[in-house]
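Enquirer: 3D, please:
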Amino acid sequence: MINQDDERKIGNTLAHIVDSGLEKGRTKLVKVPEFADLVSYNLFGEFVTCDTYIKQDHGPMGDIAGELTRKSNKYLIVGDKGEEEDRRRPFAVNDDFTIDISFYSETQKILIDASYRW
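Expert: Got it, this is the predicted structure:
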(Lines give C-alpha, C1' and ligand atoms only; values in the text may rest on other atoms or scores of the structure.)
Protein backbone atom coordinates (compact mmCIF):
# COMPACT_ATOMS: atom_id res chain seq x y z
CA MET A 1 0.00 0.00 0.00
CA ILE A 2 1.29 3.43 -0.94
CA ASN A 3 1.95 5.90 1.87
CA GLN A 4 -0.35 8.92 1.33
CA ASP A 5 2.36 11.48 2.18
CA ASP A 6 4.75 9.86 -0.31
CA GLU A 7 2.02 9.78 -2.96
CA ARG A 8 1.21 13.45 -2.35
CA LYS A 9 4.88 14.44 -2.64
CA ILE A 10 5.50 12.50 -5.84
CA GLY A 11 2.10 13.42 -7.34
CA ASN A 12 2.87 17.10 -6.81
CA THR A 13 6.34 16.60 -8.28
CA LEU A 14 4.99 14.91 -11.42
CA ALA A 15 2.30 17.58 -11.81
CA HIS A 16 4.97 20.30 -11.45
CA ILE A 17 7.08 18.66 -14.16
CA VAL A 18 4.10 18.40 -16.54
CA ASP A 19 3.07 21.98 -15.75
CA SER A 20 6.62 23.12 -16.57
CA GLY A 21 6.00 22.14 -20.18
CA LEU A 22 7.20 18.54 -20.48
CA GLU A 23 6.10 17.30 -23.88
CA LYS A 24 7.75 13.92 -23.69
CA GLY A 25 6.24 10.58 -22.84
CA ARG A 26 5.85 8.55 -19.67
CA THR A 27 9.46 7.33 -19.64
CA LYS A 28 10.89 10.85 -19.48
CA LEU A 29 8.29 11.90 -16.90
CA VAL A 30 9.19 9.10 -14.47
CA LYS A 31 12.93 9.52 -15.10
CA VAL A 32 13.05 13.18 -13.99
CA PRO A 33 12.47 12.45 -10.26
CA GLU A 34 14.83 9.47 -10.51
CA PHE A 35 17.62 11.61 -11.96
CA ALA A 36 17.03 14.32 -9.32
CA ASP A 37 17.32 11.62 -6.63
CA LEU A 38 20.53 10.27 -8.16
CA VAL A 39 22.21 13.69 -8.31
CA SER A 40 20.99 14.67 -4.84
CA TYR A 41 22.21 11.43 -3.30
CA ASN A 42 25.64 11.77 -4.93
CA LEU A 43 26.01 15.41 -3.83
CA PHE A 44 24.29 15.48 -0.44
CA GLY A 45 23.73 11.86 0.63
CA GLU A 46 19.93 12.17 0.61
CA PHE A 47 17.10 11.70 -1.87
CA VAL A 48 14.77 14.42 -3.14
CA THR A 49 11.72 12.15 -3.38
CA CYS A 50 10.72 9.23 -1.23
CA ASP A 51 10.05 6.80 -4.06
CA THR A 52 11.25 3.20 -4.12
CA TYR A 53 12.92 2.25 -7.39
CA ILE A 54 12.10 -0.94 -9.27
CA LYS A 55 14.45 -2.58 -11.76
CA GLN A 56 13.12 -2.35 -15.32
CA ASP A 57 14.52 -3.40 -18.71
CA HIS A 58 15.50 0.18 -19.56
CA GLY A 59 16.61 1.34 -16.12
CA PRO A 60 14.89 1.83 -12.78
CA MET A 61 11.49 3.44 -12.34
CA GLY A 62 9.96 4.82 -9.18
CA ASP A 63 7.18 2.61 -7.82
CA ILE A 64 4.84 5.49 -6.95
CA ALA A 65 5.73 7.51 -10.05
CA GLY A 66 4.97 4.45 -12.16
CA GLU A 67 1.57 3.98 -10.54
CA LEU A 68 0.64 7.66 -10.89
CA THR A 69 1.46 7.70 -14.62
CA ARG A 70 -0.48 4.57 -15.61
CA LYS A 71 -3.96 6.09 -15.49
CA SER A 72 -5.62 9.41 -14.71
CA ASN A 73 -5.78 10.37 -11.03
CA LYS A 74 -6.22 13.43 -8.81
CA TYR A 75 -2.81 14.78 -9.95
CA LEU A 76 -2.60 13.98 -13.66
CA ILE A 77 -4.78 13.35 -16.66
CA VAL A 78 -3.21 10.53 -18.67
CA GLY A 79 -4.11 10.51 -22.35
CA ASP A 80 -4.23 7.59 -24.75
CA LYS A 81 -1.13 6.49 -26.63
CA GLY A 82 -0.62 8.20 -29.95
CA GLU A 83 -0.55 6.73 -33.42
CA GLU A 84 2.23 4.47 -34.73
CA GLU A 85 4.65 7.35 -35.41
CA ASP A 86 4.31 9.02 -32.02
CA ARG A 87 3.32 6.61 -29.27
CA ARG A 88 3.87 9.04 -26.38
CA ARG A 89 1.05 9.44 -23.92
CA PRO A 90 0.04 13.05 -23.41
CA PHE A 91 -0.09 14.20 -19.79
CA ALA A 92 -1.87 17.18 -18.29
CA VAL A 93 -2.36 18.45 -14.76
CA ASN A 94 -5.82 17.63 -13.44
CA ASP A 95 -7.92 20.84 -13.50
CA ASP A 96 -9.18 20.17 -9.97
CA PHE A 97 -5.65 19.96 -8.53
CA THR A 98 -3.46 22.78 -7.21
CA ILE A 99 0.28 22.04 -7.36
CA ASP A 100 2.16 22.44 -4.08
CA ILE A 101 5.91 21.83 -3.96
CA SER A 102 6.50 23.99 -0.88
CA PHE A 103 7.80 20.95 1.04
CA TYR A 104 10.98 20.99 -1.09
CA SER A 105 14.00 23.13 -0.24
CA GLU A 106 15.20 25.61 -2.87
CA THR A 107 18.10 23.26 -3.70
CA GLN A 108 15.70 20.35 -4.23
CA LYS A 109 13.48 22.47 -6.50
CA ILE A 110 16.53 23.41 -8.56
CA LEU A 111 17.54 19.74 -8.86
CA ILE A 112 14.06 18.77 -10.08
CA ASP A 113 13.92 21.61 -12.60
CA ALA A 114 17.48 20.95 -13.81
CA SER A 115 16.69 17.25 -14.21
CA TYR A 116 13.69 18.14 -16.37
CA ARG A 117 15.81 20.34 -18.62
CA TRP A 118 18.61 17.82 -18.94
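Enquirer: the strands in this structure, which residues?
Expert: Here the chain has its strands, by DSSP state E, at 53-54, 61-62, 76-78, 91-93.
Enquirer: Those strands: which one's closest to residue 18?
Expert: Ranking the strands of the chain by their distance to residue 18 (criterion: Cβ to Cβ) puts strand 91-93 first, at 4.8 Å. For every residue, glycine as well, the C-beta is placed using N, CA and C.
Enquirer: next one: the closest one to chain centre, how far?
Expert: For strand 91-93, the separation from the chain centroid amounts to 11 Å (computed by Cα atoms, centre = their mean, to the nearest Å).
Enquirer: ok, now stretch 29-39?
Expert: From the chain centre to the centre of stretch 29-39 is a distance of 8 Å (Cα atoms, centre = their mean).
Enquirer: quick one: contacts of that stretch?
Expert: The set of residues that contact stretch 29-39 without belonging to it, under Cβ atoms under 8 Å, 6 or more residues apart in numbering, is 10, 13-14, 17-18, 22, 47-49, 51, 53, 59-62, 65-66, 69, 91, 108, 111-112, 114-116, 118.
Enquirer: from the residues you listed, which would you call buried?
Expert: Using 16 or more other Cβ atoms under 10 Å as the burial test, these include 10, 13-14, 17-18, 22, 47-49, 51, 53, 60-62, 65-66, 69, 91, 108, 111-112, 115-116 as buried.
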